[in-house]
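> Quick one, structure for this:
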Amino acid sequence: MLRIRGMEIRLSGGKAFRVPGKDLSDGRREENQELSAGLSMIPAGEGMAVFVEVSLKEGTLDGACAVRLELDLPETAFLADYRHKEYWCSPFFCKGADEIPDQTQALLWKEGEMFRYLLPVCSGQYKAVMKGNCLRLESGYDGLSACSGLAFVWGEGKNPYRLAERVTEAAFSLLPGGMRGRTGRRYPEVFEYLGWCSWDAFQIRVSEEGLLAKCKEFAEKKIPVRWAVIDDMWEDVKDLYDLEKPDYETVFENRHNTKLASFEADPYRFPGGLARCVRRMKEECGIQAGVWHTINGYWKAWMKPGSWLRNIRTA
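Residues are numbered from 1 along each chain as shown. Predicted structure coming up:
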């Protein structure tokens, strides 16, 4: 059983309240003139789901850390999945709980013959992440006076792969929105075949000419590629127009500070537009193509809105 040692509620401006774990273990709530706080735990698969309930009577919660839970983790090694950059997650192996990195999104460890898996979740206006033996709920906004929802789910089992699936499925079942895990989704038929990503061959130098040449090479060598992803650098980013033979390291770092000019393709790399390139890949080589893009347009969103954005809004 995973035990919670205590809960700390942080307010905007630096003030904090601590609730000892013994006052939370039986479902009791901390009530005073400034706040109401408590935890609730329910069975979830072969583990437990932990919900946080905090409400301020005045003031607002700290956006960077509204609620902090101190967990009683064992003295053992851990495998953490953490966000090491703004956009990327990576595994991290550590010898003790004090080495668990900030922004950990999932945590796996073993005690005896059993594996334990802890999954912080995003719930409502908050997301949960770990650092060390503490899990915190953050909103990024100092104007909220309540924090309520699922904080994390944990479970135990002998098979770590199946355990991670069960805990994730349990979390989905407790969250709104009808989300499904990998095993509950329809597997597109095209993914039964070999796929290819342009970054593996071209990285920052992707172009229509290069993509078509590579697709024809697959056909000539009888490599059964049926689908492809056109990765980063196909986009219309004016700051990258004049980089015919760019220095890799410079472009790789600078592109994270650039903005999208439109939803068309780079006119120099794709003179016939993205549609022509995708059509030729399919018609000439039998390869279906999709494109990679950031959810906010490009790494630093988009340039000052122009007619292209107004047309999209109108449509």
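> residues touching residue 105, list them.
Taking C-beta atoms under 8 Å, 6 or more residues apart in numbering as the contact definition, residue 105 lies against 81-83, 89, 120, 129. Backbone N, C-alpha and C define where each C-beta goes, glycine included.
> Any idea which helix or strand in the chain has the lowest mean pLDDT?
Lowest mean confidence among the helices and strands of the chain (mean pLDDT, DSSP states H and E): helix 307-314, at a mean of 59.
> Any chance of CSV for the contacts of residue 105, columns distance to residue 218, neighbour count and pLDDT?
Output for the contacts of residue 105, formatted as CSV (distance: C-beta to C-beta, whole Å; neighbours: other C-beta atoms under 10 Å; pLDDT from 0 to 100):
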residue, distance to residue 218, neighbour count, pLDDT
81, 33, 17, 98
82, 36, 21, 97
83, 34, 15, 95
89, 30, 15, 94
120, 41, 24, 97
129, 41, 20, 97
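> from the residues you listed, which two are the most distant?
For the contacts of residue 105, the maximum inter-member distance is 12.6 Å, found between 89 and 120 (C-beta to C-beta).
> mean confidence for stretch 70-80?
This predicted structure assigns stretch 70-80 an average pLDDT of 96.
> Let me see the residues that make contact with it.
Where contact means C-beta under 8 Å, 6+ apart, the residues beyond stretch 70-80 that reach it are 2-8, 21, 91-97, 99-101, 104, 106-111, 118, 130, 133-135.
> and that stretch, how far apart are its ends?
The separation between the terminal residues of stretch 70-80, taken as C-alpha to C-alpha, to the nearest Å, is 17 Å.
> One more: stretch 195-207?
Using C-alpha to C-alpha, the span of stretch 195-207 from its first residue to its last is 18 Å.
> same check, this time on stretch 54-62
With C-alpha to C-alpha as the measure, the ends of stretch 54-62 fall 12 Å from one another.
> Same check on stretch 119-137?
End to end - C-alpha to C-alpha - stretch 119-137 spans 13 Å.
> Please state the offset of it from the chain centre?
Its chain's C-alpha centre and that of stretch 119-137 lie 12 Å apart, by C-alpha atoms, centre = their mean, to the nearest Å.
> and what of stretch 165-174?
Centroid separation for stretch 165-174 versus its chain: 16 Å, with C-alpha atoms, centre = their mean.
> in it, what's buried?
Of all the residues in stretch 165-174, those buried under the rule 16 or more other C-beta atoms under 10 Å are 165-172, 174.
> now the contacts of stretch 70-80: which count as buried?
For the contacts of stretch 70-80, a neighbour count by 16+ other C-beta under 10 Å gives the buried set as 2, 4, 6-8, 21, 92, 94, 97, 100-101, 104, 106-110, 118, 130, 133-135.
> Tell me which of the residues you listed fall in strands.
4, 6-8, 92, 94, 104, 106-110, 118, 130, 134-135 (DSSP state E).
> Just want the angle from the strand or helix carrying residue 81 to strand 104-111.
Using DSSP states H and E, residue 81 sits within strand 78-83. Using axes from the mean of the first three to the mean of the last three C-alpha atoms, to 10 degrees, the interaxial angle of strand 78-83 with respect to strand 104-111 works out to 170 degrees.
> Please name every helix or strand in contact with the longest helix along the chain.
For the chain, the longest helix by residue count, based on DSSP state H, is helix 160-174. Based on contacts counted as 3 or more C-beta pairs under 8 Å, 6 or more residues apart in numbering; DSSP states H and E, the elements that helix 160-174 packs against are strand 35-44, strand 47-56, strand 104-111, strand 114-120, strand 146-157.
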